[in-house]
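S.K.: after the sequence you'll find the predicted model.
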Amino acid sequence: MPPNVSQGCQGGCATCSDYNGCMSCKPRLFFFLERTGMKQTGVCLPSCPNGYYGIRLPEKNTCTKCKADCETCFYDSFCTKCKRSFYLHSGKCLKTCLEGFENNNHTMECTSIVH
Amino acid sequence: QKAIIRVIPLKMDPTGKSNLTLEGVFARVAEVMPAEGKLLQFHPLSLCNTSEDEHTVRGFITIVKLESPERDPHPCLSLANKAKLAGERGAEAILFDITDDEGAFYQLQEAMGLSHPVVLISGRDAELLMEMVNNNQEAQVKIEVKEQPKWPEYD
């Protein structure tokens, strides 16, 4: 076994190496690139961390970043919590709510104005 | 063309012993030129169009430890395009550790005129550098062009 291939892979890796961590994951797990200081290592997770959503593909499941204004999301176009100073409206993050809705600074969502 | 790679840990130890002076080879895919920046490791799979790295600050020097080809049978991009992508993401230079992928040397000899130097390292020099990465020891890296020895004058 080449020196740099770790004897046993951590977590849910299918293949891995000492310096890069996981190179591929066991079935159903998501491949995620984790940065800690100057190091970036591959890890395999049952679900993606906050700020990312999972994409399942035949050859690999990966974690992909939510949009820049979104803190947590189901997928690219459906945000579940916006970043600071944005209001959530139907899965989108708005700087200010649309007509007929008001900026709810408590929930940081757009709430409809009841007449 | 050979490269001299000076690695200076940011947390200076008074003895300076932990400074490293390593040697590599410039790949012809890019310009042969000096470069300097903070050392930052990239996973080989992070240099794909589909993945992003949250690191957005420019001015770093990327180190990528290449895996043996059978461990990454369907690479997302060629090595030349991975080097290009790293430059586009703000790298001042790219260091490839080719210890486990000697074929990488030949893949990176076709001139593409990349504006950020690409340096190949392997063996003991690569091991020393990767050990520093493994210990998350932040460091500044200076890449210099090693002067070719002048022809001795025969009297």
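M.R.: Nice, I can see it.

S.K.: all strands for the chain, in order.
M.R.: Chain wasn't specified; assuming chain A. A:13-17, A:21-25, A:30-36, A:39-45, A:52-56, A:61-65, A:70-75, A:78-82, A:87-89, A:92-94, A:101-104, A:109-112 (DSSP state E).

S.K.: not quite, go with chain B.
M.R.: Counting by DSSP E, the strands of chain B are B:2-9, B:20-26, B:35-41, B:60-65, B:91-97, B:118-121, B:139-145.

S.K.: need those strands in CSV (columns: distance to chain A).
M.R.: C-beta here means a position set from N, CA and C on the backbone, and glycine is covered the same way. Output for the strands of chain B, formatted as CSV (distance: least, CB to the nearest CB, whole Å):
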stretch, distance to chain A
strand B:2-9, 11
strand B:20-26, 15
strand B:35-41, 5
strand B:60-65, 4
strand B:91-97, 8
strand B:118-121, 13
strand B:139-145, 8
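
S.K.: so B:Leu45 sits against A:Phe31, correct?
M.R.: Yes. When contacts are counted by CB atoms under 8 Å, B:Leu45 is listed as touching A:Phe31 (7.4 Å).

S.K.: pLDDT value on the residue nearest to the spatial centre of chain B, please?
M.R.: Most central in chain B under CA atoms, centre = their mean is B:Leu95, positioned 0.7 Å from the mean C-alpha point. For B:Leu95, the pLDDT comes out at 98.

S.K.: how about B:Leu39?
M.R.: For B:Leu39, the predicted pLDDT is 96.

S.K.: isn't it up against B:Gln140?
M.R.: Yes. Assessed by CB under 8 Å, B:Leu39 is found in contact with B:Gln140 at 7.3 Å.

S.K.: which residue packs closest to residue 25, ignoring adjacent ones?
M.R.: This is for chain A. Spatially, and ignoring its direct neighbours in sequence, A:Cys25 is nearest to A:Cys44 (3.7 Å; CB to CB, 6 or more residues apart in numbering or on different chains).

S.K.: was after chain B, sorry
M.R.: Using CB to CB, 6+ apart, the closest residue to B:Val25 is B:Leu120 (5.0 Å).

S.K.: give me the pLDDT for that neighbour.
M.R.: 97.

S.K.: hey, what's it bridged with?
M.R.: For B:Leu120, the beta-bridge partners are B:Val25, B:Phe96 (DSSP bridges).
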